[in-house]
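A.B. asks: Sequence plus predicted model, see below.
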Amino acid sequence: MSTNIDVKVRLPGSKTPVIVPLYKEMRPHDGLDIISKTLGLKEKHLLSFVIAPTMNKSGFIIPTDMTFGSLPDYDSSVDVLELWKNPFLAKTCIMEAGSVLRETKEILVDMGSPLAQMISTFQRVYSFREEFSFLCGYQPDEDSKAFKKARWLNVNESLEEQDFEPHAYVAIHPLSILEKLPLSQFRPEHSGFLFKQSSRF
């Protein structure tokens, strides 16, 4: 006899999950058509199911042969399933004072989708509500906890497109700690215009 289960699913970048009634004996991939229809997802091929990372869990890539009932440490009342292109367990952190690592965690990130779709994931994992930018950091110093090398990441491109290396960190850099100067005191080497575009997810 099949056992019903209410599965929470969410598109990457979305904040609110939807509930899809399925069966414990089903594999998530068996319910892909139902889930895709519920989410309005058209491109469903070559996607992987993941249990989305949270403050207390790093996330889990669901093997194609696992049923909902056999998923380790899966709580359907709390955990949310997402469909990702290329999940990868990455080192992540919050920056402090512009360069110092304040908090580090290893969590799943989607290497194949635009980084903008990971914003809500980082907000949930770090319980972070401030505006932030993404950095790619290398070789944190053991004493100062600062990166020896870092570069900004573009949220409109995936980590794959930006040649993200597996040993690097994905760092979130709060915008509030960036130094602000009056325009009259600013002496740039180059001048021009910067356009900002905001999106809601």
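C.D. replies: Yep, that arrived. Residues are numbered from 1 along each chain as shown.
A.B. asks: what are the phi and psi angles of the one residue sitting closest to the centre of the chain?
C.D. replies: In the chain, the residue lying closest to the centroid (Cα atoms, centre = their mean) is residue 118, at 3.2 Å. Note on residue 118: its backbone torsions stand at phi -90, psi 0 [degrees, to the nearest 10].
A.B. asks: ok, which stretches of this structure are strands?
C.D. replies: For the chain, applying DSSP state E gives strands covering 4-10, 18-23, 48-51, 60-61, 80-84, 87-96, 100-110, 132-140, 147-152, 169-174.
A.B. asks: Format these as JSON lines; extra columns: mean pLDDT, distance to residue 124 and mean neighbour count.
C.D. replies: Heads up, the C-betas are built off the backbone N, CA and C, glycines and all. As requested, the strands of the chain are exported to JSON lines (pLDDT from 0 to 100; distance: least, Cβ to Cβ, whole Å; neighbours: other Cβ atoms under 10 Å):
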{"stretch": "strand 4-10", "mean pLDDT": "93", "distance to residue 124": "11", "mean neighbour count": "17"}
{"stretch": "strand 18-23", "mean pLDDT": "92", "distance to residue 124": "17", "mean neighbour count": "15"}
{"stretch": "strand 48-51", "mean pLDDT": "93", "distance to residue 124": "13", "mean neighbour count": "22"}
{"stretch": "strand 60-61", "mean pLDDT": "96", "distance to residue 124": "15", "mean neighbour count": "17"}
{"stretch": "strand 80-84", "mean pLDDT": "94", "distance to residue 124": "9", "mean neighbour count": "23"}
{"stretch": "strand 87-96", "mean pLDDT": "91", "distance to residue 124": "12", "mean neighbour count": "20"}
{"stretch": "strand 100-110", "mean pLDDT": "88", "distance to residue 124": "10", "mean neighbour count": "19"}
{"stretch": "strand 132-140", "mean pLDDT": "89", "distance to residue 124": "13", "mean neighbour count": "18"}
{"stretch": "strand 147-152", "mean pLDDT": "88", "distance to residue 124": "23", "mean neighbour count": "14"}
{"stretch": "strand 169-174", "mean pLDDT": "91", "distance to residue 124": "12", "mean neighbour count": "21"}
